[in-house]
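[1] Any chance you could fold what I've pasted below:
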Amino acid sequence: MNMQRTKITVPSLADYKLNRVPLTMVTAYDSTFAAIVDEAGVDLILVGDSVATVMQGHRNTLPVSMDHMEYHVQMVASAKPKALIIGDLPFGSYQTSPRDAVINAVRLVKAGAEIVKLEGGIHSRDAIEAIVRADIPVMGHIGLTPQSYHRMGGNKIQGRQDGNQSGGRDRLLADARAVEEAGACSFVIEAVPANLATEITTASTIPTIGIGAGAACDGQVLVLHDLLGLSERTFSFAKAYSNLRQQSITAVSEYVSDVRNRSFPDESHSFH
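    Coordinates of the predicted model:
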């Protein structure tokens, strides 16, 4: 790990936006990958509820529990990264009441999160305000909100239509204002037209972090398994910087072959 890096803090986020330095955020769900992305220099590590689809094999993020999120935050925190650790509040952990939102935010902070993230704009304002009153930093999330999977009819691009209905352009502008006014320190904008994300970013005094939202956001986030080419899935907004899936298959295949032909273990990998 690069020990020369300075620890990123929550107040640092405002400085990044002020100085127009793009923020980098990557998901990680365990200590090994957290250490790798931290040494690579990312600013924020998101312990996302995307663990449900990436690691657990679910169709969407809805099944993941608070116990799961707490566990994965603990694993990432054990790497002691210089990057800020963001812990996702899963579906059902904050929608029920502001009190539940605070209780579950506290659980993630005790597990090692330095910011908690939750989805929604206007509808999540009370939860954000309650968590902020508890002196816990909050990252919002607007646009395509995966926990709204059933309401959206799947994961679909938001903000293409005018109007105040959920997913409408005017509603997303209002959602962004609500998140900021509630006291969030930053927010994710997911799967919205680039021109709308630009408008939101320009109007916001807190950093925006885009995923499928164009280059004008104050930062970008990718799921690590997509970035590394580990996933079978491909997305138009995600760039694979490697092809570790195929490299991993090749490596394991070579191991299987070596065991079958008894070339592994050889003398150098045996005890005497």
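
[2] For the residue nearest to Glu119 when sequence neighbours are not counted, report the pLDDT, please.
    Distances taken as C-beta to C-beta, 6 or more residues apart in numbering place Thr145 nearest to Glu119, at 4.0 Å, with adjacent residues excluded. For glycine as for every other residue, the C-beta is placed from the backbone atoms N, C-alpha and C. At Thr145, the model reports a pLDDT of 97.

[3] what's the answer for Ser231, then?
    89.

[4] With Arg151 instead?
    Per the predicted model, pLDDT is 90 at Arg151.

[5] What is the burial count for it?
    Neighbours of Arg151 under the rule other C-beta atoms under 10 Å: 9.

[6] who touches it in this structure?
    Shown in contact with Arg151 (C-beta atoms under 8 Å, 6 or more residues apart in numbering): Ser166.

[7] Report the contact partners of the residue nearest to Glu119.
    Thr145 sits next to Glu119, Gly120, Met152, Glu190 when contact means C-beta under 8 Å, 6+ apart.

[8] Now do the phi/psi pair for the last one.
    According to degrees, to the nearest 10, the main-chain angles of Glu190 amount to phi -120, psi 130.

[9] Across the sheet, point out what pairs with it.
    Beta-bridge partners recorded for Glu190 (DSSP bridges): Gly143, Ile211.

[10] For it, list the residues it contacts.
    Counted by C-beta under 8 Å, 6+ apart, Glu190 has contacts His141, Ile142, Gly143, Leu144, Thr145, Gln158, Gly210, Ile211, Gly212, Ala213.

[11] Please identify the one among those residues that lies nearest to Ala35.
    Taking C-beta to C-beta as the measure, Ala35 lies nearest Ile211 of the contacts of Glu190, at 23.0 Å.

[12] Please tell me the pLDDT value assigned to the closest one.
    At Ile211, the pLDDT value in this model is 97.

[13] Based on its surroundings, how many neighbours for it?
    With other C-beta under 10 Å as criterion, Ile211 counts 24.
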